[in-house]
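Student: generate coordinates for the sequence data below:
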Amino acid sequence: MDTFYQLVNAVIISANISYFHWSTKEVLSLGWLVVAGFLAIACVLLFILIDKSRLREILLFGFILTFLFVYTDVIATEYGLWEYKTRIIPIKASIFPFSYTMNPIFHMLAYQYGNTRWRFVSLNTIVAGLFAFIAHPLYVWADVLWLGNWNYINSFIYLMAIPWGVRSFVIWIANIEQQYATENRRSTLFRALSPAMKLLDGDKDEK
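Tutor: Numbering: from 1, shown residues only. Predicted structure coming up:
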């Protein structure tokens, strides 16, 4: 049999086993309830606290952050750095809801309230510390998270570095946008004044 079809069959078998394990061991377990509770709290906090006047900026930060969290999470679980033992829904993307929701949500709030560099550093450090040294040990205790070749210090550094890099990127994008918006306003103003200036030149010629 072609190795491609062997891989497809292996994925199907793995998915069936994964669903059976989720339906019999994970759903409504202590870990599942802990994750569902944290997820609900995070979503409610975001809905209440997010600055609606800065949605585009904050969501851009959140989407980029989520992409990077998801991408690194997939690599980490692929190579056994860590794995999730309890999932909200029975799909291969075991990263839900950590990388998709809870981590980005709290870092988005840190970005929103961290309107200066050092204020963001302080808030981001607090969020990273809460996840690395409180949430992650709780996940391990509740049988939600398994740490292989990883530790809490690595989690702290990881959760500190990525949001800082994303914030720098978003600010860079915002500066470019502001620069071009200013130039476009000047260009529009010049075009609006041009007909009047030509009329004045014509008046001078008639005199």
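Student: and the residue nearest the centre of this protein?
Tutor: The residue lying closest to the centre of the chain (Cα atoms, centre = their mean) is T66, at 2.5 Å.
Student: what's the spacing between that one and T101?
Tutor: 8 Å (Cβ to Cβ, to the nearest Å). Every residue, glycine included, has its C-beta placed from N, CA and C.
Student: low-confidence bits of the chain, can you list those?
Tutor: Low-confidence segments of the chain (pLDDT under 70): 1-2, 92-97, 183-207.
Student: quick one: the strands in it?
Tutor: In the chain, the strands defined using DSSP state E lie at 82-84, 145-147.
Student: run the chain-centre distance for the last one.
Tutor: Taking Cα atoms, centre = their mean, to the nearest Å, one finds strand 145-147 lying 21 Å from the centre of the chain it belongs to.
Student: same deal with stretch 122-129?
Tutor: 15 Å.
Student: ditto for stretch 113-128
Tutor: 16 Å.
Student: repeat for stretch 113-131
Tutor: Worked out by Cα atoms, centre = their mean, stretch 113-131 lies 15 Å from the chain centre.
Student: tell me where this structure has helices.
Tutor: 3-21, 30-49, 55-78, 103-113, 117-130, 136-141, 152-206 (DSSP state H).
Student: closest to P90 out of these?
Tutor: Proximity to P90 (Cβ to Cβ) singles out helix 3-21 among these, at 4.7 Å.
Student: buried ones in that closest one?
Tutor: S18 (16 or more other Cβ atoms under 10 Å).
Student: for that helix, output the C-alpha coordinates as PDB.
Tutor: Taking C-alpha atoms only, helix 3-21 is exported to PDB below (Å, rounded to 0.1, in the frame of the first residue of the first chain):
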ATOM      1  CA  THR A   3       2.600   5.300   2.200                       C
ATOM      2  CA  PHE A   4       0.300   8.200   1.600                       C
ATOM      3  CA  TYR A   5      -2.800   6.100   2.100                       C
ATOM      4  CA  GLN A   6      -1.200   4.400   5.100                       C
ATOM      5  CA  LEU A   7      -0.800   7.900   6.700                       C
ATOM      6  CA  VAL A   8      -4.400   8.700   5.900                       C
ATOM      7  CA  ASN A   9      -5.600   5.500   7.500                       C
ATOM      8  CA  ALA A  10      -3.500   6.200  10.500                       C
ATOM      9  CA  VAL A  11      -5.000   9.600  10.900                       C
ATOM     10  CA  ILE A  12      -8.500   8.200  10.700                       C
ATOM     11  CA  ILE A  13      -7.700   5.600  13.300                       C
ATOM     12  CA  SER A  14      -6.100   8.100  15.500                       C
ATOM     13  CA  ALA A  15      -9.100  10.400  15.200                       C
ATOM     14  CA  ASN A  16     -11.500   7.600  16.200                       C
ATOM     15  CA  ILE A  17      -9.400   6.700  19.200                       C
ATOM     16  CA  SER A  18      -9.100  10.400  20.200                       C
ATOM     17  CA  TYR A  19     -12.900  10.800  20.100                       C
ATOM     18  CA  PHE A  20     -13.400   7.700  22.100                       C
ATOM     19  CA  HIS A  21     -11.000   8.900  24.700                       C
END
